[in-house]
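# how would this look folded up:
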Amino acid sequence: MNILISGAGIAGPTLAYWLAQFGFVPTIVERSPRLRTGGYVIDFWGLGFDVAERMGLASAIRRDGYVVQRLDIVDRHGRRVASVPTAGLTASFSTRFTSVPRGALAADIFHAVEDNVELIFGDTVTHLQEERDGVTAIFGRHGRRRLIW
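Coordinates of the predicted model:
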């Protein structure tokens, strides 16, 4: 079965990875002309590490991540008004807790799927037309695509 996924951020490539593992044929369409690199940091721990290990990404996430030593709360002038050490949290999770820049995590997941899924950058789906045995997706720049059930 063909699957169309909109967005090549975190969720889209992760979904494509797992769908491909179960025999589906995913296509990812992304509005941006290339993989996006910015964004906030993402705290990665617990079940997230379980999934990363199953996807073969744990070492890349450890490589790209870093351990936050302290969380600071600042006022609107940037002055620290409170601080919370993270030593207890990091000790609880050992090597299974890290903060990863969003762009690095997205790139790690993307590289895990790029050889197994079709990727369309610089386009978006403008219309979906339901048919008896599937759907026709109409793209802004890449024409039409039939997706059969």
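
# enumerate the positions of the worst-scoring helix or strand of the chain on mean pLDDT that are buried.
Lowest mean confidence among the helices and strands of the chain (mean pLDDT, DSSP states H and E): helix 87-93, at a mean of 73. By neighbour count on 16 or more other C-beta atoms under 10 Å, the buried set for helix 87-93 is residue 90. Quick note: C-beta positions are derived from backbone N, CA and C, even for glycine.

# and the contacts of that helix?
The contact list for helix 87-93 (C-beta atoms under 8 Å, 6 or more residues apart in numbering) reads 45, 46, 67, 69, 97.

# show me the shaky parts of this structure.
Flagging of the chain using pLDDT under 70 yields the residue ranges 149.

# right, and the helix or strand after the least confident helix or strand of the chain?
Tracing the chain past helix 87-93, the next element assigned as helix or strand by DSSP states H and E is strand 97-101.

# just checking, what packs against the helix or strand that that following strand is followed by?
Next helix or strand after strand 97-101 toward the C-terminus (DSSP H and E): helix 102-113. Using 3 or more C-beta pairs under 8 Å, 6 or more residues apart in numbering; DSSP states H and E, the elements in contact with helix 102-113 are helix 11-21, strand 41-45, helix 58-64.

# let's go with 10 Å and repeat that
Applying 3 or more C-beta pairs under 10 Å, 6 or more residues apart in numbering; DSSP states H and E, we find helix 102-113 packed against helix 11-21, strand 25-30, strand 41-45, helix 47-55, helix 58-64, strand 97-101.
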